[in-house]
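1. Fold the following, please.
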Amino acid sequence: MSEKTVISKGVPFNLSDGVSYSIGSVVSKTLLKKNIGNITLFSFDEGQGLTEHTSPFDAVVYILDGKAEIVIGGKPKLVTAGEMMIMPAGIPHALNAIERFKMLLIMIRGE
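-> Numbering: from 1, shown residues only. A predicted model of the protein is given here:
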């Protein structure tokens, strides 16, 4: 499920309030989309996730609320609210909601 972007540039906003939880779903909201990268908010209901995939670019995940299991190269790591992780390019990764969580994903294309 994707929410329409309604973020105004130059106006402060609260990241946690920027995306809502939805029962049994993953919700995404693109905050900024450019040729050089994207900034996207996500919410995951408990038990939801993103299946294993690989990205050609590093991606930064910042957990805003809750707990996530992030599996990189088959190795699971628990990441909780206030923590950040860099998922390296070219290595398979997956995300699982241990409990519902919100995250900010920053992907910058390039070397």
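
2. ok, then the element right after the lowest-mean-pLDDT helix or strand in the chain?
-> Least confident helix or strand, the chain: strand 26-34 with a mean of 92, by mean pLDDT, DSSP states H and E. Following strand 26-34 in sequence order, the next helix or strand is strand 37-44 (DSSP states H and E).

3. Name every strand pairing with that next one and say which way it goes.
-> strand 26-34 (antiparallel), strand 101-108 (antiparallel) (DSSP bridges).

4. As CSV, those strands with distance to G82 and mean neighbour count would be great.
-> C-betas here are computed from N, CA, C, even on glycine. Shown next, in CSV, are the strands paired with strand 37-44 (distance: least, CB to CB, whole Å; neighbours: other CB atoms under 10 Å):
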stretch, distance to G82, mean neighbour count
strand 26-34, 19, 15
strand 101-108, 11, 20
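
5. Please tabulate those in CSV and include distance to S20 as additional columns.
-> Output for those, formatted as CSV (distance: least, CB to CB, whole Å):
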stretch, distance to S20
strand 26-34, 6
strand 101-108, 9
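
6. of those, which approaches T54 most closely?
-> Counting by CB to CB, T54 lies closest to strand 101-108 out of those; the figure is 12.8 Å.

7. And for the closest one, what's in contact with it?
-> With contacts defined as CB atoms under 8 Å, 6 or more residues apart in numbering, strand 101-108 is touched by 15-16, 19, 21, 36-44, 55, 57-68, 81, 95.

8. Spell out for me the ChimeraX command that would select the buried members of those residues.
-> Command for ChimeraX, covering only those of the contacts of strand 101-108 found buried under the criterion 16 or more other CB atoms under 10 Å:
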select :19,21,38,39,40,41,42,43,44,58,59,61,62,63,64,65,66,67,68,95
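
9. just the strands in the protein please.
-> Using DSSP state E, the strands found in the chain span residues 26-34, 37-44, 49-53, 59-65, 67-72, 75-80, 84-87, 93-97, 101-108.

10. contacting residues for I91?
-> T54, I72, G73.
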